[in-house]
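> I need the structure of the sequence given here:
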Amino acid sequence: MKKILISGVCLAISGAAWAQVMVEDSDGDGVYSAAEIRAAYPDVTDDLLVQIDVNEDGFIDPDELAAAADLGLLGG
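Numbering: from 1, shown residues only. All right, here's what the predicted structure looks like:
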């Protein structure tokens, strides 16, 4: 099992915004399923997953996950 730590820094838009998200890519395919996201964030709704999945492929990639964290969409 592989764990990926995603850190994002957004200096130009809002000063120094740091986000750390720990989601396990349990099948090692490089993207996150709804089940993998909910293992880390049990309160994530289907509507929020649709909002985070900007390329509409049915999975959350590391960039989408980092962007969601930067926007404060994922609670801890």
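
> mind listing what the closest residue to residue 57 other than its chain neighbours touches?
Excluding its sequence neighbours, the residue lying closest to residue 57 (CB to CB, 6 or more residues apart in numbering) is residue 31, at 7.9 Å. In short, each C-beta sits where N, CA and C put it, glycine included. By CB atoms under 8 Å, 6 or more residues apart in numbering, the contact list for residue 31 reads 25, 57, 59, 60, 61, 62.

> Tell me how far residue 31 lies from residue 53.
Per CB to CB, to the nearest Å, residue 31 is found 10 Å from residue 53.

> Overlap in contacts, those two.
59, 60.

> how close does the residue sitting nearest the centre point of the chain sit to residue 75?
What sits nearest the mean C-alpha location of the chain, by CA atoms, centre = their mean, is residue 65, with 2.3 Å. Distance, residue 65 to residue 75, by CB to CB: 14 Å.

> Next, count neighbours for residue 51.
13 (other CB atoms under 10 Å).

> Can you give me the pLDDT of it?
Confidence at residue 51, expressed as pLDDT, is 97.

> mind checking the SS state of the residue nearest to the centre of the chain?
Put simply, residue 65 is helix when judged by DSSP: H, G, I helix; E, B strand; the rest coil.

> again, but for residue 21
Strictly by three-state DSSP, residue 21 counts as strand.

> just checking, it touches residue 69?
Yes: Residue 21 is within contact range of residue 69, at 4.5 Å (criterion: CB atoms under 8 Å).

> Now do the contacts for the residue nearest to the centre of the chain.
Shown in contact with residue 65 (CB under 8 Å, 6+ apart): 6, 21, 23, 32, 37, 52, 74.
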